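**Student:** below is the structure, and that's it, no one-letter string:
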């Protein structure tokens, strides 16, 4: 037990969040529809030089809860680092990556209230 506490304290391990459900993988038709909807959007969240901080994750989570489909802009010169940051952000906010073009990525997560109305 002390070992798990040590890992949590130094952020080497984060306990799983069982209250969220990962979205199902997108079909090509769903992905195309989401790309079309995202075309007119402007980036809401920006990842800067500080990288993926808790504040950025919280803001992306709030934006996904409000809009379900968001664009983010990722700064940085290294392409591989940008890819890793986007994938990590998707994992931390339980969102599906719809599209990534250059420094802009589109994320989607279904809103819980939309499922209740259907």
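**Tutor:** Nice, thanks for sending it over. The structure presented is a predicted model; accordingly, all values stated were derived computationally and were not measured.
**Student:** just give the closest residue to the spatially most central residue of the chain, not the sequence neighbours.
**Tutor:** In the chain, the residue lying closest to the centroid (CA atoms, centre = their mean) is residue 90, at 3.1 Å. Closest residue in space to residue 90, ignoring its immediate chain neighbours: residue 97 at 5.1 Å, by CB to CB, 6 or more residues apart in numbering. All C-beta atoms are positioned from the backbone trio N, CA, C, and that covers glycine.
**Student:** residue contacts, the one you found?
**Tutor:** The contact partners of residue 97, by CB atoms under 8 Å, 6 or more residues apart in numbering, come to 86-87, 90, 105-107.
**Student:** okay, now residue 86: neighbour count?
**Tutor:** 21 (other CB atoms under 10 Å).
**Student:** I should have written residue 80 there, sorry.
**Tutor:** Neighbours of residue 80 (other CB under 10 Å): 8.
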